[in-house]
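> Quick one, what's the 3D model for this:
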Amino acid sequence: MTQPVNLVLCWHMHQPYYQEGLDGEYRLPWVYLHGIKDYADMAAHLENNPQMRTVVNFAPILLEQLDDYSRQLDRYLADGSAMHDPLLNTLAGATPIPDDAKGRQQLISACRRAHAPRMIDPYKHFSMLSHIFDDMPEDLPEMRSFCLDYLHEQFFIDLLMWYHIAWLGCSLKQSDVVKSLMEKGKQFSQQDRTTLIEVIHEAMAGLIPRYRALAESGQIELSMSPYAHPIVPLLNDFSNMRDAQPEDPSPEHSGYPGGEERSRWHLQHGIEVFEGFFGRKPKGVWLSEGGLSDDAIAQLDEIDIEWTASGEALWRNSCKKNPDCNPDNTTGVRPLFMPYRVNDLHTRIYFRDDGLSDLIGFEYSDWHADDAVADFVKHIETIADGLGKDADKHVISVILDGENAWEYYPNNGRYFLDGLYKELVNNDKIRVTTYADLDHNIREKPLTSLVAGSWVYGTFSTWIGSEDKNRAWDLLVEAKQTYDAVTAGEKFTKAKRARIDKLLAVCESSDWFWWFGDYNPSGSVNDFDALFRVQMQMLYKLLGKTPPESLDSPVSVGGGDMENAGTMQRGSSGA
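This next block holds a predicted model:
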């Protein structure tokens with residue numbers, strides 16, 4: 001009898017650091033909104049399908065923010081202490097509804113930041129509240145301001161309530177408390193607002209314990225990314241971009257000073273944070289954005305990391321560089337479905353199937369869930385049939401964002417994910433597993449060297465190699481040079497040095513560079529541009545230095561219309 005093919009589904013959970021500095025307000029609400037929607041639902045799907053096995057990857061800086069929100073909500077419910085998130089404070093009533101037209105317009109805009117066809121329009125009351133100004137011409141700002149002044153406070157309370165109800169995951173919407181709020185529909189009271197805050201608090205407080213319990217039961221493997229989600233190969237050496245982007249312009253500075261040391265810091269500190277929340281060291285590390293290079297793999301090997309992964313495009317580029325690994329040979333796709341090792345390093349490298357991963361991330365949201373599940377399973381069965389009696393010696397990797405795809409699916413992907421999990425665990429041709437639990441008989445192949453790149457196009461072009469992105473790198477290099485000079489000459493307390501190092505790490509995050517560029521939506525680019533410059537300015541101040549005037553001007557303004565609002569990208573530009 002033919003043995004089943006191994007399938008690893010890996011969900012990557014990541015949000016950048018949204019707090020202004022180390023003690024300020026959260027500029028954007030995405031940590032708690034994804035917490036109550038996607039992180040809650042993804043745990044629920046696994047709890048409801050105990051035979052399903054997956055890998056769940058967390059960025060440590062996300063874990064810290066989830067924990068911080070839980071603690072803030074604790075304090076608010078205990079003694080009314082205001083939280084660090086302005087939108088949550090307004091929902092709770094800790095901050096009054098704005099009484100000026102500008103503040104009211106900002107609140108309306110904030111409560112429309114969702115995919116309307118799936119998250120606004122299905123709810124009659126929310127849809128009417130959200131679209132009330134749609135027919136008012138943009139060139140009549142005085143009329144808009146006039147109308148905003150006359151809106152009753154209850155309008156904004158109901159809008160806030162519905163926005164947060166819409167962001168609740170399906171698993172939370174099934175509770176009697178939330179059903180009662182939805183049935184009420186309007187004229188929400190202060191008690192209703194407090195009730196919803198209690199729902200949010202319970203969901204946020206339960207997230208990390210739920211994933212820890214799933215891991216301790218053996219159902220999932222938990223892995224991590226470097227602490228603040230930097231692109232490790234670029235911190236190590238800007239020339240790593242040259243493998244896949246030989247003609248692209250580079251930053252004016254030749255490299256990031258002390259970059260390899262900073263990469264090791266992100267890895268080691270990330271492990272410390274991960275162990276603090278989950279009680280164990282991860283066996284695997286998903287290097288941010290699947291960014292791999294020979295020097296990055298060597299750093300993983302130094303700290304005994306068993307596995308990492310990236311995208312198919314990087315695998316294809318690297319195979320072309322290695323004579324024993326031809327992606328176009330007559331064995332078809334078989335070489336993709338096995339791990340690789342670089343020379344004598346022990347860290348295994350898995351490469352995802354870009355096509356299968358992007359089907360979930362971008363295509364199936366418009367399909368009927370049953371058809372999408374059947375199509376996905378058929379693809380896996382076809383690969384298993386092609387591998388024949390050697391199927392059990394191979395592993396298919398499907399790796400993607402675990403949070404941003406679901407708002408484009410009906411009911412937050414509930415029907416698709418529940419159906420998919422049930423089909424996978426009951427299919428004799430498929431063995432769902434984790435990287436840590438793969439049998440030792442999995443076939444491996446050697447590589448003498450990688451072509452450095454990421455899971456997006458197999459290059460680093462999403463983060464370096466264009467005018468805006470390169471300018472951001474130059475600003476970061478100059479801040480690091482100041483950091484090096486100040487920390488070499490001054491003695492800081494352990495606590496202050498830790499604060500400095502954390503804020504530097506925040507500035508080194510990949511997310512700033514992801515958003516810079518004219519192809520991304522201007523609203524999101526402006527948000528991230530402003531926060532990047534604020535974090536950099538606060539780093540200078542923490543170092544006792546005056547921020548340079550260069551940080552007063554925007555790095556990027558955007559203006560494009562990327563698929564899925566720019567929050568995800570396909571693995572291949574030709575997909």
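
> which residues in this protein form strands?
Counting by DSSP state E, the chain has these strands, from start to end: 5-13, 54-58, 220-224, 307-310, 340-342, 348-351, 395-401, 430-432, 445-447.

> pLDDT weak spots in this structure?
Within the chain, the set of residues satisfying pLDDT under 70 comprises 1, 136-139, 326-333, 560-575.

> what about dumping the CA coordinates of stretch 262-276 to PDB?
Taking only C-alpha atoms (Å, rounded to 0.1, in the frame of the first residue of the first chain), the coordinates of stretch 262-276 have been written out as PDB:
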ATOM      1  CA  ARG A 262      22.200  42.700  15.600                       C
ATOM      2  CA  SER A 263      20.800  39.600  13.800                       C
ATOM      3  CA  ARG A 264      22.100  37.500  16.600                       C
ATOM      4  CA  TRP A 265      20.500  39.800  19.100                       C
ATOM      5  CA  HIS A 266      17.100  39.500  17.400                       C
ATOM      6  CA  LEU A 267      17.500  35.700  17.300                       C
ATOM      7  CA  GLN A 268      18.600  35.300  20.900                       C
ATOM      8  CA  HIS A 269      16.200  37.900  22.400                       C
ATOM      9  CA  GLY A 270      13.400  36.300  20.400                       C
ATOM     10  CA  ILE A 271      14.100  32.900  21.900                       C
ATOM     11  CA  GLU A 272      14.100  34.500  25.400                       C
ATOM     12  CA  VAL A 273      10.700  36.100  24.800                       C
ATOM     13  CA  PHE A 274       9.300  32.900  23.200                       C
ATOM     14  CA  GLU A 275      10.500  30.800  26.100                       C
ATOM     15  CA  GLY A 276       8.900  33.200  28.500                       C
END
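
> Distance from the chain centre to that stretch, please.
Taking the mean C-alpha point of stretch 262-276 and that of its whole chain, the gap between them comes to 18 Å (CA atoms, centre = their mean, to the nearest Å).

> Not counting its own residues, what contacts it?
If you take CB atoms under 8 Å, 6 or more residues apart in numbering as the criterion, stretch 262-276 is touched by 58, 60-61, 63-64, 222, 224-228, 230, 232, 235-236, 256, 281-282, 285, 296, 299-300, 302-303, 480, 501, 504-505, 508. (Glycine included, C-beta is placed from N, CA and C.)

> Endpoint to endpoint, stretch 111-128 covers what distance?
From its first residue to its last, stretch 111-128 covers 13 Å (CA to CA, to the nearest Å).

> returning to that earlier point: wait, which of the strands of the chain is closest to Trp473?
Ranking the strands of the chain by distance to Trp473, with CB to CB as the measure, places strand 307-310 first at 21.5 Å.

> roughly how far apart are the closest residue to Ala43 other than its chain neighbours and Phe188?
Sequence neighbours aside, Arg210 is the residue nearest to Ala43 in space, at 4.5 Å (criterion: CB to CB, 6 or more residues apart in numbering). Plainly put, Arg210 is 28 Å away from Phe188 if you go by CB to CB, to the nearest Å.

> could you say what helices and strands the longest helix seen in the chain packs with?
Across the chain, the longest stretch assigned as helix under DSSP state H is helix 190-216. For helix 190-216, the contact count by 3 or more CB pairs under 8 Å, 6 or more residues apart in numbering; DSSP states H and E identifies helix 40-48, strand 54-58, helix 60-79, helix 86-92, helix 153-167, helix 176-184, strand 220-224, helix 259-278 as packing neighbours.

> Please point out which parts of it sit buried.
192-193, 195-197, 199-208, 210-212, 214-215 (16 or more other CB atoms under 10 Å).

> How far off centre is that helix?
Shown here is helix 190-216, whose average C-alpha point lies 20 Å from the average C-alpha point of the whole chain (CA atoms, centre = their mean).

> Okay, angle between that helix and helix 259-278 too, please.
Angular relation of helix 190-216 and helix 259-278 on a 0 to 180 degree scale: 110 degrees, by axes from the mean of the first three to the mean of the last three CA atoms, to 10 degrees.

> what angle sits between helix 190-216 and strand 5-13?
140 degrees.

> neighbours around Lys445, how many?
In terms of burial, Lys445 registers 15 neighbours under the definition other CB atoms under 10 Å.

> If anything else comes up later, I'll come back, but that's it for now.
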